[in-house]
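Undergrad: How does the following fold in three dimensions:
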Amino acid sequence: MRLRPFALLTSLMLSVVLFSPSCITRKDISYFQDISDTLTVGKISQSYEAFIQPGDIISVHVSSLSQESNTFFNSIDEESGRLMANTYLVDASGAIDMPLIGSVKVSESTTQVAKFLIRNKLDKYLVEPTVRVRIKNFKVTVLGEVTTPGVYNIPDEKITLVEALGLAGDLTIFAQRNNVLLIREKDGNRQFVKVDLRSKEFFESEYYYLHSNDILYVEPGKGKIASADAWYRILPIVFSGITAVALFLTRIPFN
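TA: Predicted structure coming up:
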């Protein structure tokens, strides 16, 4: 039985799609290759706390024994009537402006330090005040050869580079594991750092934990570039052939 024209065209298109030369090896795509097969123990020598920076948006929730006084420092939810944290934009000088207590410099401080700074000023107005401070706009951007590139908000203000790649659906098979670019703004400068995910030394790097507004760019490897180049070279020839076959098939009578 002879194939219908549509079936023949479908077979040709599948042949083209499946033609994808590649030279990717296991060594190209494996993480942390220098970890031995036996038990490896590495001491955790670093931790990370986010520092508040100018331009950050922070939430400040204040509570005390005086419910009436608490309303000066919090927002009221219209539906539930509950007191909600106020949000503040950290200005260029690194300060926020709060009711009654005025300006409080919070930049270059962790949220823990900031809450003590605010609480010390509130002692003049409230009885046994407690303060909670959170950074609301902690985010990282992941681009390039990952499954789901995008901007990711981090509610707990702490994320590792590996976790960020996990949020983005992991690296694709074409990604360069030894050449992940990290872009970071720090002290008025922009840093460009190449990170090698194939080495366990990465765990001891100062770039293991990401900072707010960090950007990760994962470059494509040679395998994808070679495949794309071969595809674009052969594509015009293949479609010219398909067109010719289609014209020929339309002239053949099928029962």
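Undergrad: just the strands in the stretch 51-200 of the chain please.
TA: 57-63, 74-76, 83-89, 95-98, 102-105, 130-135, 139-144, 150-153, 175-186, 189-195 (DSSP state E, counting those that start in this stretch).
Undergrad: Tell me which strands the first one pairs with, and in which orientation.
TA: Read it as strand 57-63. Note on strand 57-63: by DSSP bridges, its sheet partners are strand 83-89 (antiparallel), strand 130-135 (antiparallel).
Undergrad: Adding distance to Lys186, mean pLDDT and mean neighbour count as columns, could you present these in CSV?
TA: (Glycine included, C-beta is placed from N, CA and C.) Putting those into CSV (distance: least, Cβ to Cβ, whole Å; pLDDT from 0 to 100; neighbours: other Cβ atoms under 10 Å) gives the following:
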stretch, distance to Lys186, mean pLDDT, mean neighbour count
strand 83-89, 20, 93, 16
strand 130-135, 16, 95, 19
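Undergrad: As TSV, the ones you listed with distance to Thr110 would be great.
TA: Supplementary listing: the strands paired with strand 57-63 in TSV, determined by distance: least, Cβ to Cβ, whole Å:
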stretch	distance to Thr110
strand 83-89	16
strand 130-135	9
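Undergrad: For the strands of the stretch 51-200 of the chain, which has the smallest mean pLDDT value?
TA: For these, mean pLDDT drops lowest on strand 74-76, to a mean of 87.
Undergrad: Please name every helix or strand in contact with that strand.
TA: Judged by 3 or more Cβ pairs under 8 Å, 6 or more residues apart in numbering; DSSP states H and E, the packing partners of strand 74-76 are strand 57-63, strand 83-89.
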